[in-house]
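*Asks:* Below: sequence and its predicted model.
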Amino acid sequence: MAKATPTKPGLSDEAVAAKTGKRWDEWFTLLDAAGAQKLSHPQIVAILAGQPNVPAWWRQMVTVGYERARGLRARHETTGGFQMSASRTLAAPLTQVFRAWNDARTRTRWLPPTELQPLGQTPERRVSFVGVDDSRVEVRLVAKNDAKTQVTVQHSKLANATAMKRQKAYWAAALDALQAHLAAHLAG
């Protein structure tokens, strides 16, 4: 991970203390003393694993908060690169939304040109793709009712914050195009 601007850890002192027994300043002191600024994410998590009453999920949260506060991790950065998500509830049944994502011919009618290759799918629930840059796109679908479907696009393993912002705009436009495609298909 590249050096980032230090930011707030994301969770309040009260929330962290309630679940881990320590406030942020106490965690920062403990981790600084252990040399965590020079350690990898898994190594910091391992330090926290030795602390009493810190469940696995909270070890991850404290580690990410520490990394953000010390400028070791930027917002939207993971150990595998940057990630973004976009979500929209579309006025179309789940079966049609799934087909629009899963059928290559239909997908070319609404998705702006892209170099994504299908990676896998779970019928009417999930479709995933891999990019030429080895980034990953996972699309999750949830029926809200018979006529509405929530679509969440998660794009991960992006090279940097600039790529993440570019993909955020791309997927917002793509979801608009998908809604227009589905509306035309339902009307005709």
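*Replies:* Good, I have the coordinates.
*Asks:* by contact count, what packs against the top helix by length along the chain?
*Replies:* Taking residue count as the measure and DSSP state H as the definition, the longest helix of the chain comes out as helix 161-187. Packing partners of helix 161-187 (3 or more Cβ pairs under 8 Å, 6 or more residues apart in numbering; DSSP states H and E): strand 81-90, helix 94-102, helix 104-110, strand 148-158. Any C-beta I mention is one placed from the backbone N, CA and C, and that applies to glycine too.
*Asks:* Adding mean neighbour count, distance to L116 and mean pLDDT, write those out as TSV.
*Replies:* Shown next, in TSV, are the helices and strands packed on helix 161-187 (neighbours: other Cβ atoms under 10 Å; distance: least, Cβ to Cβ, whole Å; pLDDT from 0 to 100):
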stretch	mean neighbour count	distance to L116	mean pLDDT
strand 81-90	18	15	92
helix 94-102	19	11	96
helix 104-110	13	9	93
strand 148-158	20	10	95
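*Asks:* These: which one's closest to K168?
*Replies:* strand 81-90 (4.7 Å; Cβ to Cβ).
*Asks:* and that closest one, what other elements does it pack with?
*Replies:* Packed next to strand 81-90, using 3+ Cβ pairs under 8 Å, 6+ apart, are strand 148-158, helix 161-187.
*Asks:* Next one: the nearest residue to T7 once chain neighbours are set aside, what pLDDT does it get?
*Replies:* Nearest-residue entry for T7: R68, 4.9 Å, with adjacent residues in sequence omitted and distances by Cβ to Cβ, 6 or more residues apart in numbering. The predicted local distance difference test score for R68 is 84.
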